[in-house]
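1. Using only what follows, build the 3D model:
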Amino acid sequence: MARFLRPLTRGTTYTRLLHLWLPMLIFSVWMFIDSSKPWVPALVLLPFGLLPVVRMGEGVQARLLLTPGVEEPGISVTPSATWPDRLRTVLWMEVRLVLGVATSMASVWLPALAYELGRMAWGHVADVPVLDRAEPHWAYALLIPLPLITLYGALVGLGELVTAVARRLLGTSAAERLAALEERTEQLLERTRIARELHDSIGHALTVAVVQAGAARTAGDPEFTERALGAIEETGRAALEDLERVLGVLRESERPVSGRPTLADADRLLDSARASGAKVDAEVTGPVETVPGPVSREGYRILQEALTNVLRHAGAVPVRVRVTVAGGTLALEVRNPLRAPVPGPGRGSGLRGIRERAALLGGRAHTGPHEGDWQVHAELPLR
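-> Here you go, the predicted model:
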């Protein structure tokens, strides 16, 4: 019994009832004007349903009254963008009017029927056509709950029905679902890019700081220690700048990425590696400044991760860096001698990120032992 009466305690039941009653305002006004043509309001609604903004208004109203408090109600609140959306809006308005009329009739006639049954049980003659030929009798008191139960079921059922119809006719279209999916995909890609940015930038800075601190502690030379502290300070400041850029993306999703470092800033990476004790032999061939922004930015991160791995795993060793722009391709190569055998090519997340960055731009990357050296070689198409 409690489960049967539970809808009476829900506010949604009454907001849905209000939503069903609203169309009757137009219908009732027209019936006072000309009751002989009840189909006119339905005809008038046809051109209004074709207006794009009407779909948005109906969607907002349906969300507020049919699905209050539901985070994902499945009802769109955007204007009509296609003709199928407009036609679905027209059909929705006609169905809503019909269900509103049915709700109003049930709300009026079923309570009136219960009242007349009570009058007949008290010995009065009924004033409604359905019961005008029936003789008064006390037994009609037993029938009074029937129209009330029917009214309760009709109002709850019509509320559920109009909500289901709203989700069907005012629900998101295929184009809107595709746009939402694309937006979600962009958000996931952005989160992945941010994770890579933090890994590359902060990982590089920490690696340089650790190497410099270790070298300064074992050197026992105040002059070298001073240079090491300067390198740690400079690398830390650069990492903070990169961190600020990444956090700026989180704070302002529409902020342009032009502030991210490119290969034009590669000297900062090379100087940082040299300050850590690595003997960097760098050679740049071709017009690096003409490399497109996305390719140049990803190239910078690949070079940063490659140098970070050298410092982290090999230490202060000779490093050969080659950056070549030719034939519509950006080629990056970083080589350093191996100090000990490695179990296999590129097992770390940083090296995996290098390969993923290259693949994302339609290029390729190889990381692993090659002719006695550890090699990171990436080729990125410029178009």
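
2. and Gly123, what does it touch?
-> Applying Cβ atoms under 8 Å, 6 or more residues apart in numbering, we find Gly123 in contact with Pro136. (Each C-beta comes from the backbone N, C-alpha and C, glycine too.)

3. Same question for Ala139.
-> Ala121.

4. can I assume it sits in a helix?
-> Yes - secondary structure of Ala139 (DSSP: H, G, I helix; E, B strand; the rest coil): part of a helix.

5. From here on, call the first residue 36.
-> All set: I'll call the first residue 36, so the last point we hit is now Ala174.

6. so Glu211 makes contact with Ser111?
-> Yes - using Cβ atoms under 8 Å as the test, Glu211 is close enough to Ser111 to be in contact (6.1 Å).

7. of these two, who's got more company?
-> Ser111 (26 against 15; other Cβ atoms under 10 Å).

8. Look at that one and give its secondary structure.
-> The three-state label given to Ser111 by three-state DSSP is coil.

9. Give me the phi and psi angles of it.
-> Phi and psi for Ser111, reported as degrees, to the nearest 10, are phi -80, psi 150.

10. same check, this time on Thr207
-> phi -60, psi 140.

11. Kindly report the same for Val354.
-> As for Val354, its main-chain torsions (degrees, to the nearest 10) stand at phi -130, psi 130.

12. May I have the beta-bridge partners of it?
-> Val354 has these beta-bridge partners by DSSP bridges: Val315.

13. Return the per-residue confidence for it.
-> If you check Val354, the pLDDT there is 92.

14. ok, now which ones touch it?
-> Val354 sits next to Ala308, Ala313, Lys314, Val315, Asp316, Leu342, Val345, Val369, Arg370, Asn371 when contact means Cβ under 8 Å, 6+ apart.

15. Out of these, which comes closest to Arg418?
-> Among the contacts of Val354, Val369 lies closest to Arg418 (Cβ to Cβ), at 24.1 Å.

16. where does the closest one land in three-state SS?
-> strand.

17. Tell me how many other residues crowd it.
-> Residues lying near Val369 (other Cβ under 10 Å) number 27.

18. Name the nearest residue to it, sequence neighbours excluded.
-> Distances taken as Cβ to Cβ, 6 or more residues apart in numbering place Ala341 nearest to Val369, at 3.9 Å, with adjacent residues excluded.

19. Helix or strand for the one you found, just tell me which one.
-> Assigning secondary structure by DSSP states H and E places Ala341 in helix 328-344.

20. what does Ala317 give?
-> Going by DSSP H and E, Ala317 is part of strand 314-320.

21. what helices or strands is that strand leaning on?
-> helix 301-310, strand 353-361 (3 or more Cβ pairs under 8 Å, 6 or more residues apart in numbering; DSSP states H and E).

22. Tell me which stretches of the stretch 86-235 of the chain form helices.
-> For the stretch 86-235 of the chain, the helices defined by DSSP state H, counting those that start in this stretch cover 87-101, 118-156, 180-204, 209-254.

23. Quick one: closest of the ones you listed to Glu391.
-> Glu391 lies closest, by Cβ to Cβ, to one member of the helices of the stretch 86-235 of the chain: helix 209-254, at 8.0 Å.
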